[in-house]
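>>> have a look at this prediction, sequence included:
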Amino acid sequence: MNNVPGDPIEVLLVEDNPADVRLMKESLRDSKVRNNLHVVNDGEAAMSFLRREGKYSGVPQPDLIMLDLNLPKKDGREVLQEIKTDPALKHIPVVVVTTSSADEDIIKSYCLHANCFVTKPVDLDQFIKVVQAIEDFWFTIVKLPREGCDRK
């Protein structure tokens, strides 16, 4: 992670809904904090990105992951579990952003060590407000780790 003031925050969005990807891109484009948004649309691609495998070999490690739960190829819950059990990845904050508001999804996400759980609003204005709130909190208030737990 580049925690040098002025360096952009690297964000990985794991989302299979093109409309939600577009909304997220538009919302983050106007961010007060510079960010680079990387998008993958399934769970297998997310893990390849995070492990920098294949076509993702040159990508930066994200500072923040925004993860949908209902993904093709590998479910978001599986992705979350893999991230949080991998010593090289577990320090990266994961924000679950999903249409679900089911108690079982909320509980399971936190049991798998999600850093927060956000239900996507269906209303466009509310969606933008939620993304801006995530941005304000994670990009300006929170101090993100410089490196993983396996390093000093």
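Perfect, I can see it now. Numbers count the residues shown, from 1 in each chain.

>>> quick one: the strands in this protein, in order.
Remark: strands assigned in the chain by DSSP state E are 9-14, 35-40, 64-67, 94-98, 116-119.

>>> would JSON lines of these with mean pLDDT, distance to residue 107 and mean neighbour count be doable?
(Each C-beta comes from the backbone N, C-alpha and C, glycine too.) Formatted as JSON lines, the strands of the chain follow (pLDDT from 0 to 100; distance: least, CB to CB, whole Å; neighbours: other CB atoms under 10 Å):
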{"stretch": "strand 9-14", "mean pLDDT": "91", "distance to residue 107": "20", "mean neighbour count": "24"}
{"stretch": "strand 35-40", "mean pLDDT": "90", "distance to residue 107": "26", "mean neighbour count": "18"}
{"stretch": "strand 64-67", "mean pLDDT": "93", "distance to residue 107": "16", "mean neighbour count": "24"}
{"stretch": "strand 94-98", "mean pLDDT": "92", "distance to residue 107": "12", "mean neighbour count": "23"}
{"stretch": "strand 116-119", "mean pLDDT": "90", "distance to residue 107": "9", "mean neighbour count": "16"}
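
>>> quick one: closest of those strands to residue 26.
Residue 26 lies closest to strand 35-40 among those, at 10.4 Å (CB to CB).

>>> what's the closest one in contact with?
8-15, 21, 24-25, 28, 46, 48-49, 59-60, 62, 135, 139 (CB atoms under 8 Å, 6 or more residues apart in numbering).

>>> partners of that strand in the sheet?
Looking at strand 35-40 with DSSP bridges, its partner strands are strand 9-14 (parallel).

>>> chain neighbours aside, what residue packs nearest to residue 82?
residue 47 (6.0 Å; CB to CB, 6 or more residues apart in numbering).

>>> return the residues in contact with the one you found.
Residue 47 neighbours (CB under 8 Å, 6+ apart): 74, 79, 82.

>>> just the buried positions in stretch 61-74, please.
Residues of stretch 61-74 classed as buried under the neighbour-count rule (16 or more other CB atoms under 10 Å) are 61, 62, 63, 64, 65, 66, 67, 68, 69, 71, 74.
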